[in-house]
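*Asks:* Have a look; sequence and predicted model below, questions after that.
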Amino acid sequence: MKRFAAGLTAAALFVPATAPVNTGVPTGFDLDRSGTVGGGNDAQGFGAFEGQYGLLVLSKYPIDLAHVRTFQKFLWKDMPGALLPDDPAPHDWYSPAELNVLRLSSKSHGDLPLKIGRSTVHFLVSHPTPPSFDGPEDRNGARNNDEIRFWTDYVLPSKGLLPWHAEVFWPVPSDPLSRLNDASDHHLVRVDVFVPLR
């Protein structure tokens, strides 16, 4: 991926940006309760090796690398109102020790400031885990919900995480779908942000 990005840079077609992700990073815990520790299901994000399903941004606009923000290591338990899974309610699926290392982002969350004309547009990048491949505890569904909601909280002016006048471009890939219409307790505020590019 780095060689590919370097080639694009040399051709002056795009400005590439990549960073470490959580896929394949061991947690040291049996997160899926299979009886063994190790493998993709016990990693910070599912992956057979560290960096699998990594993210690469190709921008035709300059990226303000000095002000890029990454939330790769933000812990899930530290998110206000975290929708942590139960098995069965009210018993927590994850132990306190597991929650002390388990990150929210299954890949990564990044805020990339793009210089577009005289404006700075915050390009919000992530790839949430799919809300499936789990069990009745719905741990992936809950994480999917909170990975998407992270950006909702991030862009709200009341949170003060971005300048009040900030322009935001938040692409919504086709697969980070939170199950809004099922019988679960997921509550997601869906936000669509449109930014005029001058």
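*Replies:* Perfect, I can see it now.

*Asks:* Low-confidence regions, this protein specifically.
*Replies:* Filtered on pLDDT under 70, the chain yields the residue ranges 1-15, 89, 157, 160, 163-166, 168-198.

*Asks:* where along it do the strands fall?
*Replies:* 15-18, 56-59, 69-70, 109-116, 119-126, 167-169 (DSSP state E).

*Asks:* Tell me which residues of the longest helix along the chain come out buried.
*Replies:* Criterion DSSP state H: the longest helix present in the chain is helix 139-155. Buried residues in helix 139-155, counting neighbours by 16 or more other C-beta atoms under 10 Å, are found at 139-151, 153-155. (Glycine included, C-beta is placed from N, CA and C.)

*Asks:* residues in contact with residue 87?
*Replies:* 93, 136-137 (C-beta atoms under 8 Å, 6 or more residues apart in numbering).

*Asks:* Buried ones among these?
*Replies:* By 16+ other C-beta under 10 Å, these give 93, 137 as buried.

*Asks:* a markdown table for the contacts of residue 87, including distance to residue 57?
*Replies:* A markdown table is the format used below for the contacts of residue 87 (distance: C-beta to C-beta, whole Å):
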| residue | distance to residue 57 |
| --- | --- |
| 93 | 33 |
| 136 | 36 |
| 137 | 33 |
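
*Asks:* Just the closest of the contacts of residue 87 to residue 84, please.
*Replies:* residue 93 (7.3 Å; C-beta to C-beta).

*Asks:* Could you check what's spatially nearest to residue 83, not counting adjacent residues?
*Replies:* In this structure, residue 83 finds its nearest non-sequential neighbour in residue 142, 4.4 Å apart by C-beta to C-beta, 6 or more residues apart in numbering.

*Asks:* The one you found and residue 71: what is the separation?
*Replies:* Using C-beta to C-beta, to the nearest Å, residue 142 is found at 18 Å from residue 71.

*Asks:* Quick one: residues contacting the closest residue to residue 29 other than its chain neighbours.
*Replies:* Of all residues not flanking residue 29 in the chain, residue 98 sits nearest, at 4.8 Å (C-beta to C-beta, 6+ apart). Listed by C-beta under 8 Å, 6+ apart, the contact set of residue 98 reads 27, 29, 31.
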